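> What follows is a protein structure lacking sequence information:
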C-alpha cells in the first residue's frame, strides 16, 4: 500500500446510511472514498452518494425493501454481493465501517464485509452503535452477540458506542428523532476524526499499530466527545482551545466529564487549517489532559487541511475496558509436578527419600486365558519392564548392598 491509496469509509445498513448522509457534507470528507451497502433502496438513495458508490444487496429476492430486521436475511443478502464488495474495496489503504447493530442488514452483513477485508488484507476499523434499551432486549442482545462473536476478536479495531449515553445528557423531553440525529452527527464527526488520525497528518501522527492495539487489547465500550469552532464564528484565537473542550464535554455521546475521569485510555484528534499551530495544539491537549486520569493511555493526532481553514474540530474517544487486564505470565515460568514438590528434601538436612514408581505387574483379569499377542517371541500383553527383565533401581542398592 502507498500513501496515494484512499481511506475508504463504508456504511452498512440503515444506521450507517444515516451517518453517511451527514458525513459526506463535512469538511474533508471529499478526500475519503465514501461507499454504502444496504438492502433498503430508499436508505441508500438518502445518503446522496453517486449510484456507482452504492450497493443494493439482495435486490432480486428482497426487492430493495430491507430485510425486516432479520439477521439471517441480512447475512444472505450481503454475502450474495461478495464479488461486488471485493471490487469496491480493492485498492483501499484502510477501511472504516459505519453501522448500527441490532437490526438485520448490519448485524448480518458487517461480518461478511469484515471477511472480505481480511481476504484483501485491508486494515480495518468498525464504528458500531448499540441500540437504545428502549428498543427492546432482542435488538440489544443481537447487537452484543454480533459484537462479541463476530467483530471484537476478528476486526483490527472496534469502537462500540452505546446510544444510551444520550440519556445521560439530553433532557427527558428531547424527541427521539432528534436524539437519533444527534447520535448520527456525533458518529459522523468521529469517523472523520479517526480517518484523520489514520491519515498522514502534518503535525502529530498517531501510529496505526498503536491505535489498533489500544482498541483490540481488551473488549471495551467507548464514548465520544466532539467540539467544533466554525470558521464564521466570532472567537478570539486564545479562546478557541477552551471553546473546543467545552463543546467536547457537552457532546451527547460522551456522557459527561465523569466518563473522561474514569477512562482507561483516550484517543484525541485535532483538526484545523493551515493556521493550526503547535501552540494551539499544545494548549488544547493540555486542557483535555486535565480531565483524564494520569495513568490513562493517550494517543494523539493533529492534522491540518485547507478544508478546515479558520475552523477547528476536537474529537476525544474515551475507552473503558469492560474486562480486567490479563495477568502477565512469569518471565521464566517453572512448572512443578505436585509429587515432585512433595519429594523436596527437608531443610533440616539428611538423606532425601527416593521416589519409588509403582511398577508392579497388573493382572489381565478376564483376558488371562486369551491367546497372547506375540511379537519377536515377546508377549506384548506383559509390561515392558517385566518381559525385558528390567531391574528397577530404587536408590537403595549400592556395590556393597547398602546405602
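Structure received. The structure displayed is predicted, hence computed values, not measured ones.
> Give me the distance from stretch 182-189 to the chain's centre.
When C-alpha coordinates are averaged (CA atoms, centre = their mean, to the nearest Å), stretch 182-189 and its chain have centres 19 Å apart.
> which outside residues touch stretch 108-123?
Residues outside stretch 108-123 that contact it (CB atoms under 8 Å, 6 or more residues apart in numbering): 8, 10, 12-13, 37, 57, 67, 70-79, 82, 85-86, 89-90, 92-95, 97, 99, 101, 124, 126, 128, 146, 150-151, 154-156, 208, 212. (C-beta placed from N, C-alpha, C; glycine too.)
> so where's the stretch 51-200 of the chain shaky on pLDDT?
197-200 (pLDDT under 70).
> Show me where it has its strands.
54-56, 94-100, 124-130, 157-162 (DSSP state E, counting those that start in this stretch).
> Could I get the ones you listed in JSON lines, plus columns for distance to residue 178?
Below are the strands of the stretch 51-200 of the chain laid out as JSON lines (distance: least, CB to CB, whole Å):
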{"stretch": "strand 54-56", "distance to residue 178": "27"}
{"stretch": "strand 94-100", "distance to residue 178": "17"}
{"stretch": "strand 124-130", "distance to residue 178": "16"}
{"stretch": "strand 157-162", "distance to residue 178": "18"}
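> Mind checking those for the one nearest to residue 26?
Closest approach to residue 26 among those (CB to CB): strand 94-100, 13.0 Å.
> most packed of the strands of the stretch 51-200 of the chain?
strand 94-100 (a mean of 27; mean count of other CB atoms under 10 Å).
> How about the contacts made by residue 96?
7-10, 124-127, 191, 194-195, 198.
> oh, I was asking about residue 76
Taking CB under 8 Å, 6+ apart, one finds 58, 108 in contact with residue 76.
> same thing but 7 Å
By CB atoms under 7 Å, 6 or more residues apart in numbering, residue 76 lies in contact with residue 58.
> Could you do the one 10 residues further on as well?
The contact partners of residue 86, by CB under 7 Å, 6+ apart, come to 116, 120.
> give me that answer again for 10 Å
116-117, 119-120 (CB atoms under 10 Å, 6 or more residues apart in numbering).
> what does residue 266 give?
Neighbour list for residue 266: 214, 222, 225, 260, 288-289, 291-293, 296-300, 316-319 [criterion: CB under 10 Å, 6+ apart].
> How about residue 136?
102, 142.
> how close does it get to residue 74?
From residue 136 across to residue 74, the span is 18 Å (CB to CB, to the nearest Å).
> now do residue 236
From residue 236 to residue 74 the distance is 50 Å (CB to CB).
> So for the two, which residue has more residues nearby?
When residue 236 is set against residue 74 and neighbours are counted by other CB atoms under 10 Å, the residue ahead is residue 74, at 30 against 7.
> tell me the angle of the longest helix along the chain relative to strand 94-100?
Across the chain, the longest stretch assigned as helix under DSSP state H is helix 176-198. Helix 176-198 and strand 94-100 are oriented at 170 degrees to each other (axes from the mean of the first three to the mean of the last three CA atoms, to 10 degrees).
> Which strands and helices lie in contact with whichever helix or strand comes after helix 176-198?
For helix 176-198, the following helix or strand on the C-terminal side (DSSP states H and E) is helix 208-216. Contact here means 3 or more CB pairs under 10 Å, 6 or more residues apart in numbering; DSSP states H and E; on that basis helix 208-216 packs against strand 124-130, strand 157-162, helix 176-198, strand 265-272, strand 297-304, strand 312-321.
> Quick one: neighbours of the closest residue to residue 262 other than its chain neighbours, just the number.
Leaving aside its sequence neighbours, residue 262 sits nearest to residue 320 (CB to CB, 6 or more residues apart in numbering; 6.6 Å). The tally of other residues near residue 320 (other CB under 10 Å) stands at 14.
> tell me which residues of stretch 170-180 are tucked away?
Neighbour-count burial for stretch 170-180, counted by 16 or more other CB atoms under 10 Å, picks out 179-180.
> same for the helix or strand hosting residue 10, what does it pack against?
Residue 10 belongs to strand 7-12 when assigned by DSSP H and E. In terms of contacts (3+ CB pairs under 10 Å, 6+ apart), strand 7-12 is packed against helix 13-23, strand 33-38, strand 54-56, helix 82-89, strand 94-100, helix 105-119, strand 124-130, helix 176-198.
> Need the ones you listed in TSV (columns: distance to residue 165).
Listed next are the helices and strands packed on strand 7-12 as TSV, based on distance: least, CB to CB, whole Å:
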stretch	distance to residue 165
helix 13-23	15
strand 33-38	25
strand 54-56	30
helix 82-89	30
strand 94-100	14
helix 105-119	19
strand 124-130	10
helix 176-198	8
